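**Student:** structure, please.
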Amino acid sequence: MYDAFWLGLTFGGWLSLFMGSLIFLSLRQNPLIWINDAPPDVRKRVGPVDKKTKRQQKIWGLIMLSGVALLFGVLTWLLRHQSPWIVFFASYVCFQTFNLFDALVIDLGLVIFRPSWAFPKDLGDSPTYRDPRWHLKNWLTGVVMGVPFAFVVAVLCWIAARFLG
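**Tutor:** Residues are numbered from 1 along each chain as shown. Got it, this is the predicted structure:
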C-alpha cells in the first residue's frame with residue numbers, strides 16, 4: 001500500500017505537470033475553450049461558442065484525454081500484479097494530486113493574478129470567478145468524483161491484466 005501511495009503521488013505530479021501545461025497553453029490560445037468550466041453567470045453571458053472554438057475544444061480535449069489515458073495506463077501497468085484495491089488506491093491518489101494542484105495552483109492562481117489572457121474578453125470581472133466557494137465546490141466535486149473514476153481505472157486494469165497476463 002505504501003508503494004502504491006508514492007506511485008500514485010508521483011504519477012499525480014506528472015499528471016499535474018501535463019494538464020497544467022495544456023491548460024495554460026489552451027487558455028493562451030483561446031480562453032473560450034474552457035467556457036464549459038466557467039461559472040454559470042459567465043456561460044450565460046457568453047452564450048454558444050463559434051465553430052472555431054468548438055474545434056479547438058475537441059483538439060485540446062483529445063490531446064488531454066490521450067495523455068491522461070497514457071499516464072493512467074502506465075500507472076496501472078506498473079501495478080498489474082497488485083489487487084484491484086491497490087490499483088484503485090493509487091489511481092485515486094494520482095487523481096487527487098491533480099485535483100489539489102488544479103484547485104491551489106490553477107484556480108487560485110487565476111483568482112489571485114487574474115491574467116487578462118486567461119479570461120474571455122470582458123468576462124474576467126465575474127464575481128463568481130473570485131468567489132472561493134465556487135472553487136471549493138469544484139475541488140470537493142473532484143474529491144467525490146475521483147472515487148468512481150479510480151474504480152473504473154482499477155476495473156479496466158484488472159480486466160487488462162487478466163487478458164494480457
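**Student:** by mean pLDDT, flag the weakest helix or strand of the chain.
**Tutor:** The weakest-scoring helix or strand in the chain, judged by mean pLDDT, DSSP states H and E, is helix 127-130 (a mean of 76).
**Student:** list the contacts of it.
**Tutor:** Outside helix 127-130, the residues that touch it by CB atoms under 8 Å, 6 or more residues apart in numbering are 38-42, 110-111, 114, 119, 134. C-beta: built from backbone N, CA, C; applies to glycine.
**Student:** just these: which are in helices?
**Tutor:** Per DSSP state H, helices hold the following members of the contacts of helix 127-130: 40-42, 110-111, 134.
**Student:** could I get these as CSV with distance to residue 162, neighbour count and pLDDT?
**Tutor:** Shown next, in CSV, are the ones in helices among the contacts of helix 127-130 (distance: CB to CB, whole Å; neighbours: other CB atoms under 10 Å; pLDDT from 0 to 100):
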residue, distance to residue 162, neighbour count, pLDDT
40, 44, 10, 86
41, 48, 13, 83
42, 46, 18, 83
110, 43, 18, 85
111, 45, 14, 82
134, 42, 18, 85
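**Student:** tell me the one of those residues nearest residue 96?
**Tutor:** residue 134 (19.4 Å; CB to CB).
**Student:** could you find the closest non-adjacent residue to the closest one?
**Tutor:** Nearest non-adjacent residue to residue 134, counting by CB to CB, 6 or more residues apart in numbering: residue 128, 5.1 Å away.
**Student:** and if you look at residue 15?
**Tutor:** In space, residue 15 is closest to residue 98, 4.5 Å off (CB to CB, 6+ apart).
**Student:** OK, contacts around the one you found?
**Tutor:** Counting by CB under 8 Å, 6+ apart, residue 98 has contacts 12, 15-16, 19.
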